[in-house]
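K.L.:
can you look at this prediction? I've put the sequence above it.
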Amino acid sequence: MLSFMTAKKRLGILTSGGDAPGLNAAIRALARTALNRYGMEVIGIEQGYRGLIENKYRILTEHDLSGILARGGTILGASREKPFKDRGWRNAEGSGAVDCIKKNYKHLRLDCLAVLGGNGSQTTADLLVKEGLHIIGIPKTIDNDIMYNDMSFGFHTALDIATDAIDRLHTTAASHNRIMVIEIMGHKAGWLTLYAGIAGGSDVIIIPEIPYRIESIAAHLQERSKRGKDFSIVAVAEGAVSIDEKDMNKKALKESRQAMVGSIGYRVAHEIENFTHLDTRVTVLGYLQRGGIPSGYDRILATRFGTAAAEFAAAERYGVMAALQQDVITAVPLSTVADKVKKVPDDHPLIRTAHDIGTCFAG
Ligand code: F6P
């Protein structure tokens, strides 16, 4: 039971959106610092914003935080609940999702809520700040696409997994003289594909920021083949677009996607085979990139974010997101982060690096 008589500060924690390796490390650091250093009470909200709508929570103690540093997923559960998207849902008293959140935040007597989430979750957090809630954001996502934040935890673990997958594809590609297309997550940004593509030595890297021309890919693969390179690896971001799709509006792009058989990796592979007649196979890495134990880097980054967020809570620095900038954790206003996506800029040094070693971007 919550001790409603105490004057201790009360911090709520929720994990929202797709899970990412390092969430438990962040929960552990945040809650431990809040409990032990700042003497707060800590309440874990279950299943992201949904738990706050339905008032599902549990008090977190040292016992809950023990043994979770290296565990994947999130001990609190997650959901993609978007409370500001009114789908007509009402509770028994007729209240909508946002009203329920405000009521339960008050009922739990939270002084502050920490939202561990990606782009969408931080945008929701900002809207809740505007509704009067005290919120501190912590950036997590394997996509690394949160504005004003150099690195989110989860990314490096996913990078290691995708790199390992490309390494494995190399040996089987070489045995069979095949083109191996590997589709990598990242939503609308190409960070994960760019990094994994370079780390794994992909011959072609296709990211959403550089719309691809199938003719350029085909020419590059045929030229490799002429030079006696009988196999090739093509890393494709799940959000990649062709040159024809580049200027399409959201609706037209959606229709173009619906016309595809399977995901983008399959379309690219099909186009490669049509153009080159080279034997081509596809691997969609999917959720393997999000599962399993976090890397050492992600555990450390998540721990840093957790302790910094506890410090912000103690100092009553609300309406901000903890952000890594030039290896320092700082506080950026949630309002500046909301509704933005950090994409790979054209002049990113890694694009130049990859070009220098002969990687084709197919633009
Ligand atoms: O944001 C992380 C991510 O894994 C993206 O890379 C991917 O597009 C999306 O989540 C998948 O979402 P869901 O878990 O809802 O299928």
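P.N.:
That came in fine, so what should we check first?
K.L.:
tell me which stretches of the stretch 251-363 of the chain form strands.
P.N.:
With DSSP state E, counting those that start in this stretch, the ranges of strands along the stretch 251-363 of the chain come out as 280-284, 320-325, 328-333.
K.L.:
what's near enough to touch residue 213?
P.N.:
242-243, 362-363 (Cβ atoms under 8 Å, 6 or more residues apart in numbering). All C-beta atoms are positioned from the backbone trio N, CA, C, and that covers glycine.
K.L.:
make it 6 Å
P.N.:
243, 362 (Cβ atoms under 6 Å, 6 or more residues apart in numbering).
K.L.:
and for the one 5 residues further on?
P.N.:
The contact partners of residue 218, taken as Cβ under 6 Å, 6+ apart, are 275-276.
K.L.:
let's see 7 Å
P.N.:
Residue 218 sits next to 272, 275-276 when contact means Cβ atoms under 7 Å, 6 or more residues apart in numbering.
K.L.:
assumed it was part of a helix.
P.N.:
Yes - counting by DSSP: H, G, I helix; E, B strand; the rest coil, residue 218 is part of a helix.
K.L.:
tell me how far it lies from the ligand.
P.N.:
For residue 218, the distance to the ligand (Cβ to the nearest ligand atom, to the nearest Å) stands at 27 Å.
K.L.:
same question for residue 329.
P.N.:
Using Cβ to the nearest ligand atom, residue 329 is found at 22 Å from the ligand.
K.L.:
shouldn't that residue be in contact with residue 322?
P.N.:
Yes - with contacts counted by Cβ atoms under 7 Å, residue 329 reaches residue 322, the gap being 5.5 Å.
K.L.:
who has more neighbours, those two?
P.N.:
Between residue 329 and residue 322, counted using other Cβ atoms under 10 Å, residue 322 has the larger neighbour count: 27 against 18.
K.L.:
how near is that one to residue 34?
P.N.:
From residue 322 across to residue 34, the span is 14 Å (Cβ to Cβ, to the nearest Å).
K.L.:
ok, now residue 323?
P.N.:
In this structure, residue 323 and residue 34 are 19 Å apart, going by Cβ to Cβ.
K.L.:
between these two, which is the more surrounded one?
P.N.:
Per other Cβ under 10 Å, whichever of residue 323 and residue 34 has more neighbours is residue 34, with 27 against 24.
K.L.:
which residue is the nearest non-sequential neighbour of residue 162?
P.N.:
residue 196 (3.6 Å; Cβ to Cβ, 6 or more residues apart in numbering).
K.L.:
burial check on that neighbour, number of neighbours?
P.N.:
Number of residues near residue 196 (other Cβ under 10 Å) recorded here: 28.
K.L.:
and for residue 277?
P.N.:
Residue 277 has 10 nearby residues by other Cβ under 10 Å.
K.L.:
and the one 4 residues further on, by the same measure?
P.N.:
The tally of other residues near residue 281 (other Cβ under 10 Å) stands at 15.
K.L.:
who are the contact partners of the closest residue to the ligand within the stretch 251-363 of the chain?
P.N.:
The ligand sits closest to residue 290 of the stretch 251-363 of the chain, with a gap of 5.5 Å, by Cβ to the nearest ligand atom. Residue 290 makes contact with 18-20, 142, 158, according to Cβ under 7 Å, 6+ apart.
K.L.:
filter those down to just the ones in helices.
P.N.:
If you go by DSSP state H, the contacts of residue 290 have residue 158 in helices.
K.L.:
show me what residue of the stretch 151-300 of the chain gets nearest to the ligand.
P.N.:
For the stretch 151-300 of the chain, Cβ to the nearest ligand atom, closest residue to the ligand: residue 185, 3.3 Å.
K.L.:
what's the local residue count around that residue?
P.N.:
Residue 185: 24 neighbours (other Cβ under 10 Å).
K.L.:
likewise for residue 87?
P.N.:
Residues near residue 87, counting by other Cβ under 10 Å, number 8.
K.L.:
distance of it relative to the ligand?
P.N.:
16 Å.
K.L.:
what does the stretch 1-150 of the chain put close to the ligand?
P.N.:
For the stretch 1-150 of the chain, the residues in contact with the ligand (Cβ under 6 Å from any ligand atom) are 18, 80, 118, 141-143.
K.L.:
can you rerun that using 8 Å?
P.N.:
Residues of the stretch 1-150 of the chain lying near the ligand by Cβ under 8 Å from any ligand atom: 17-20, 80, 118-119, 141-143.
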